[in-house]
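S.K.: here is the input, now give the coordinates:
(one chain, ligands or ions: 1)
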Amino acid sequence: MPDDQAETAIIVGARAESSSPATEAAEQENRTTLDPQDWSDIRRLGHRMLDTMIDHLAHRDEASLWRAAPPDIRATMQAPLPTRPTAPDAVFDQFRDTILPYDGGNTHPGFMGWVQGAGTSVGMLAEMLAGGLNANLGGRDHMPIAVEQQVAAWMRDVFSYPDTAGGQFLTGASQASFVALLIARVRACGEAVRREGSTAFPGLIAYTSEEVHGCIPRALEMAGLGTDALRRIAVDSAGRMRADALEAQIARDRADGLTPFLLIGTAGTVQCGAIDDLSALADIAARYGMHFHVDGALGALGMFSDMIAPKLAGIERSDSIAFDFHKWGHVPYDAGFLLVRDQAWQHATFAADARYLSRAETGLAGGDWWPCDTGPDLSRGFRALKTWFTLKTYGLRALGEAMAANCRLAQILAERVEAHRDLVLLAPVPLNIVCFGYAPDGRSGDGAVNRRIVEQLHHAGQVAPSLTMIDGRPAIRAAFVNHRSTLRDVERLIDGVVRFGAAETGK
Ligand SMILES: *Cc1c(COP(=O)(O)O)cnc(C)c1O
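M.R.: Residues are numbered from 1 along each chain as shown. Sure thing, here's the model as predicted:
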């Protein structure tokens, strides 16, 4: 027996002698850990999982983009409540066979539906690290908080925000814009609104464009202001909010004794990727003392690209920006972010005394930033880690180049649509989104054929655009937010649309 083992044996023996059989029994009964009895089992399983997922990503384009899960597969998700344990290997086998092949397809190069990020291998691995740490980023003094502060500091630099700025992760831009609205309300009404509620401050009005994303009216609903307090300003032919119409509406509202308090610009509209004239909006917000928020869910990270950044001029003058690392940043879901010009506004909106959260000068309960003071969540996951990993590993330039490549693909698609006698372009293409339709010999009809074409493309499993409505008619929408997409995918899209369109119309 080697010496160190002999020593262990003696210590164990000594412990056994000193504790009574009753103590031993009690200790046994209270040992209810969920850790494995044999760590080598879990190590083996972990390696299996990694191999499976790396193979999955490496060969993603060889599998179908999407297929409907057959009934027997769906039935596996109607099992009774698992009161008894299952071997982890068996649970993983079920994942591999019933979940993995039937995902939403957004890691596939042909995915161009809605506005979804494609994820990365590095982001996936960072998720595993974050899961192992199981860090809670509500507050306290630990390095995970410093990682989130690092990402916030980087974003401050990206958007040329001042040192006073604060930023933090939220689920997505929907939540970030809702939080921004709450901050704007406290700026307009003072902290009293937290006690007295919105009804004590009637007449608050928010402004945005008619191309607004649905999360903004929802934010007004959730805040108790109601959507009647939201003015949707007309857009120009390129989908940007009209400054003259905005000022005219503000003048009418002020004449009616109402209080404009919030202007929401959009950096990349969900319909066609239009970017509002953010400088003009910043001027107007300053003139009327409104909080200027930018919904940059789709486009704000375009700051990483030399080609896109100039289109975002004026964003640095905003008071807050909501954006999504999980879209064009390709960080795995979810990783929304809110950047706020002055962290004091966040404190005024969210900080509260809670006895069970008392702070210390030093020790684990220390720390100079508790995100629970600056946002709505107390328990928070480590979204910062996968983002920090992604930004560091690829670097801003490569991420920006992938965005620029997406915009080039959109231009190519738009050109080919315009050159094709059976296709028609239905909206301007200022960024990365192309809306078009099948129109044999230039006749676009009621657009219903586009709905069927998109469905058939999804079932064919090679490319997946989504459907939108333009002037009340269904249109095909291809949003390039995917670093894996190439010209081949554009060609597959056109071929598929023309083939299914011809079959549908008997052309
Ligand atoms: C996606 C999107 C949102 C919502 O962001 P989530 O991360 O899904 O909450 C808001 N605005 C625009 C323009 C978007 O594209």
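S.K.: wait, Pro465 touches Ile494, no?
M.R.: No - assessed by CB atoms under 8 Å, Pro465 is found out of contact with Ile494, at 10.7 Å. C-beta: built from backbone N, CA, C; applies to glycine.
S.K.: more crowded one of the two?
M.R.: Pro465 (27 against 20; other CB atoms under 10 Å).
S.K.: which non-adjacent residue is nearest the more buried one?
M.R.: Spatially, and ignoring its direct neighbours in sequence, Pro465 is nearest to Ala478 (4.4 Å; CB to CB, 6 or more residues apart in numbering).
S.K.: what residues are up against the one you found?
M.R.: Going by CB atoms under 8 Å, 6 or more residues apart in numbering, Ala478 touches Met112, Ala410, Leu413, Ile433, Val434, Phe436, Pro465, Leu493.
S.K.: most widely separated two among those residues?
M.R.: Taking CB to CB, the two most distant members of the contacts of Ala478 are Ile433 and Leu493; they sit 13.2 Å apart.
S.K.: looking at the two, which is more packed in?
M.R.: Set Ile433 next to Leu493 and count neighbours by other CB under 10 Å: Ile433 wins out with 30 against 26.
S.K.: pull the contacting residues for that one.
M.R.: Per CB under 8 Å, 6+ apart, neighbours of Ile433: Val115, Gln271, Cys272, Gly273, Ala410, Ala427, Arg477, Ala478, Ala479, Phe480.
S.K.: apply 10 Å and report the result again.
M.R.: By CB atoms under 10 Å, 6 or more residues apart in numbering, the residues touching Ile433 are 112, 115, 239, 268-274, 298, 406-407, 410, 413-414, 427, 468, 477-481.
S.K.: state the phi and psi torsions of the nearest residue to it once chain neighbours are set aside.
M.R.: Distances taken as CB to CB, 6+ apart put Gly273 closest to Ile433, at 4.1 Å, once the chain neighbours are dropped. Gly273 adopts backbone torsions of phi 80, psi 20, taken as degrees, to the nearest 10.
S.K.: check the contacts of Ile433 against the ligand, which are close?
M.R.: Among the contacts of Ile433, proximity to the ligand is found for Val115, Gly268, Val270, Leu298 (CB under 6 Å from any ligand atom).
S.K.: what secondary structure does Glu148 sit in?
M.R.: Here Glu148 is helix, with the state taken from DSSP: H, G, I helix; E, B strand; the rest coil.
S.K.: the closest residue to it other than its chain neighbours sits in which helix or strand?
M.R.: Excluding the flanking residues, the one nearest Glu148 by CB to CB, 6+ apart is Ala384, at 3.8 Å. Assigned by DSSP states H and E, Ala384 belongs to helix 383-419.
S.K.: enumerate the positions of that helix that are buried.
M.R.: Across helix 383-419, burial judged by 16 or more other CB atoms under 10 Å covers 383-391, 394, 396, 399-407, 409-410, 412-414, 416-417.
S.K.: just checking: what are the partner strands of whichever helix or strand comes after it?
M.R.: Moving toward the C-terminus from helix 383-419, the next helix or strand (DSSP H and E) is strand 423-425. Next to strand 423-425 in the sheet, as set by DSSP bridges, lie strand 433-438 (antiparallel).
S.K.: does the ligand sit close to the partner strand?
M.R.: No - judged by CB under 6 Å from any ligand atom, strand 433-438 stays clear of the ligand, getting no closer than 9.6 Å.
S.K.: so that strand versus helix 383-419, what angle?
M.R.: For strand 433-438 against helix 383-419, the angle by axes from the mean of the first three to the mean of the last three CA atoms, to 10 degrees is 40 degrees.
S.K.: just the mean pLDDT for the helix or strand following strand 433-438, thanks.
M.R.: Moving toward the C-terminus from strand 433-438, the next helix or strand (DSSP H and E) is helix 448-460. The average of the pLDDT scores along helix 448-460 is 97.
S.K.: what is the neighbour count of the nearest residue to Leu399 once chain neighbours are set aside?
M.R.: Counting by CB to CB, 6+ apart, Leu399 lies nearest to Phe304, which is 4.9 Å off, once chain neighbours are set aside. When neighbours are counted by other CB under 10 Å, Phe304 registers 23.
S.K.: cool, and the one 3 residues further on?
M.R.: A total of 14 residues lie near Met307 under the criterion other CB under 10 Å.
S.K.: ok, and the closest non-adjacent residue to it?
M.R.: Ala404 (4.5 Å).
S.K.: my guess is that neighbour meets His483, correct?
M.R.: No - proximity of Ala404 to His483 does not meet the contact threshold set by CB atoms under 10 Å, at 11.1 Å.
S.K.: where does His326 land in three-state SS?
M.R.: Per three-state DSSP, the local secondary structure of His326 is coil.
S.K.: tally of neighbours for it?
M.R.: Counted with other CB under 10 Å, His326 comes out at 26.
S.K.: tell me the pLDDT of it.
M.R.: Looking at His326, its pLDDT reads 98.
S.K.: centre of the chain to stretch 32-42, how far?
M.R.: The chain centroid and the centroid of stretch 32-42 are separated by 34 Å under CA atoms, centre = their mean, to the nearest Å.
S.K.: dump it to CSV, restricted to CA.
M.R.: The C-alpha coordinates for stretch 32-42 follow below in CSV (Å, rounded to 0.1, in the frame of the first residue of the first chain):
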residue,chain,number,x,y,z
THR,A,32,-28.7,13.2,-0.1
THR,A,33,-26.3,14.7,-2.7
LEU,A,34,-27.2,14.5,-6.4
ASP,A,35,-23.5,14.1,-7.3
PRO,A,36,-22.7,10.8,-9.1
GLN,A,37,-21.3,7.9,-7.1
ASP,A,38,-18.7,7.5,-9.7
TRP,A,39,-17.5,10.6,-11.4
SER,A,40,-15.9,8.6,-14.2
ASP,A,41,-19.4,7.7,-15.4
ILE,A,42,-20.4,11.3,-15.8
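S.K.: no more questions from me, cheers.
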